[in-house]
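[1] can't give you the sequence, but here's the structure:
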């Protein structure tokens, strides 16, 4: 599943979140501690701290052919798990959990996570479709 949080989509459409210039992060999520609701969850404070396994700031963010792109992310020092994290949340870092606007939720095959030999987890974003789901035309920059 690859979906936008309603509040994040609105914030992007209103110009409050700028993909290129805003601080955007990805968080690895343990679904045993968080149940996603893209309609009502607005900020990171809706995600229990126990569900957030690691955070990585996205770098070299661009928009190319209406696709949101960024460098692959390396999540360092991820607590050892017998399984891969099931999901990832992309959010705007507004300076505090209640100000960190949730943008998108990715899980399953849409959360491109891989474990490195040293225990770190990294992403390999889809180079064809970008990091985020396709935006409605009304929201495109």
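    Sure thing, it's come through. All of these numbers come straight from a predicted model, not from anything done at the bench.
[2] show me where pLDDT drops low in this protein?
    80-82, 127-128, 133-141 (pLDDT under 70).
[3] how about the helices of it, start to end?
    6-13 (DSSP state H).
[4] okay, now the closest residue to residue 48 other than its chain neighbours: neighbour count?
    Spatial nearest neighbour of residue 48, chain neighbours left out: residue 33 (5.1 Å); criterion: Cβ to Cβ, 6 or more residues apart in numbering. Backbone N, C-alpha and C define where each C-beta goes, glycine included. Neighbourhood size, residue 33 [other Cβ atoms under 10 Å]: 13.
[5] distance check, residue 33 against residue 47.
    8 Å (Cβ to Cβ, to the nearest Å).
[6] also residue 22?
    Taking Cβ to Cβ, one finds residue 22 at 19 Å from residue 47.
[7] those two: who's more crowded?
    Just comparing residue 22 and residue 47: by other Cβ under 10 Å the higher neighbour count belongs to residue 47, 22 against 17.
[8] so the more buried one makes contact with residue 30?
    No: if you go by Cβ atoms under 8 Å, residue 47 and residue 30 don't touch, sitting 10.0 Å apart.
[9] just to revisit the earlier point, overlap in contacts of residue 33 and residue 47?
    Here residue 33 and residue 47 share no contacting residue, scored by Cβ atoms under 8 Å, 6 or more residues apart in numbering.
[10] so which residue is smack in the middle of the chain?
    The chain has residue 90 as the residue nearest its centroid, 1.7 Å off, counting by Cα atoms, centre = their mean.
[11] kindly provide the distance from that one to residue 78.
    Counting by Cβ to Cβ - residue 90 and residue 78 are separated by 17 Å.
[12] ends of stretch 69-88, what's the gap?
    16 Å (Cα to Cα, to the nearest Å).
[13] number the chain from 300, please
    That works, and once the first residue is 300, the last one we named lands at stretch 368-387.
[14] buried residues in it?
    368, 369, 371, 372, 374, 377, 384, 386, 387 (16 or more other Cβ atoms under 10 Å).
[15] what bridges to the fifth one?
    In this structure, residue 374 has the following beta-bridge partners (DSSP bridges): residue 420.
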